[in-house]
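A.B. asks: Below are the sequence and a predicted model for it; my questions follow.
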Amino acid sequence: MSTSTVSNVFSNNANLPVVFFTPGIPEEVSRISLKRDKRHNNQKVVTFIFAENSASTPIHTMEGWGEFVHSIDAMHLVDSEGEITVYPEDVAVSHVVDGFRTSEVAISFHVAEDNWNRVMRFLRCYATSQGMAYTETSN
């Protein structure tokens, strides 16, 4: 994971948190999952779920390019503090339709302890701006 300063990626208010793969094309996150990976010393894992709804495809950047979803190499998280670039370790695609459209894409990455607080600040800011709420589940 790397961080840098906001470089006014969008012409709108750069203080609003945004997730994107391609500059200028903000993505809509449906859910965010936080877990610990027991196989990797309980390292923290964040999963962004992009699900198709009436207003959007799971990932706007990949619309019509279902076969390329697996080639996502970086995801950018931008808020008023700056930009966080994460490198997905797992991309799971559900329900591929006609080889082109997907109904859900889950993108996961591990977060090192020294980056956890910064990532959590972004997640809280993003969740607040999108009307998301935190709920605990037991697995």
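C.D. replies: Structure received.
A.B. asks: Correct me if wrong, but residue 119 is in a strand.
C.D. replies: No: counting by DSSP: H, G, I helix; E, B strand; the rest coil, residue 119 is not part of a strand but helix.
A.B. asks: so it touches residue 48, yeah?
C.D. replies: No: contact criterion Cβ atoms under 8 Å: residue 119 and residue 48 do not qualify, at 11.4 Å. Any C-beta I mention is one placed from the backbone N, CA and C, and that applies to glycine too.
A.B. asks: Check which helices and strands the strand or helix carrying residue 125 sits against.
C.D. replies: Secondary structure from DSSP states H and E places residue 125 in helix 113-130. The contact analysis (3 or more Cβ pairs under 8 Å, 6 or more residues apart in numbering; DSSP states H and E) places helix 113-130 against strand 31-37, strand 43-51, strand 75-79, strand 82-86.
A.B. asks: could you dump those strands to CSV with distance to residue 110, mean neighbour count and mean pLDDT?
C.D. replies: Below are the helices and strands packed on helix 113-130 laid out as CSV (distance: least, Cβ to Cβ, whole Å; neighbours: other Cβ atoms under 10 Å; pLDDT from 0 to 100):
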stretch, distance to residue 110, mean neighbour count, mean pLDDT
strand 31-37, 7, 13, 93
strand 43-51, 5, 19, 92
strand 75-79, 13, 22, 95
strand 82-86, 9, 18, 96
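A.B. asks: Select, out of the ones you listed, the one closest to residue 105.
C.D. replies: Closest approach to residue 105 among those is made by strand 43-51 (4.7 Å; Cβ to Cβ).
A.B. asks: Cool, thanks, talk later.
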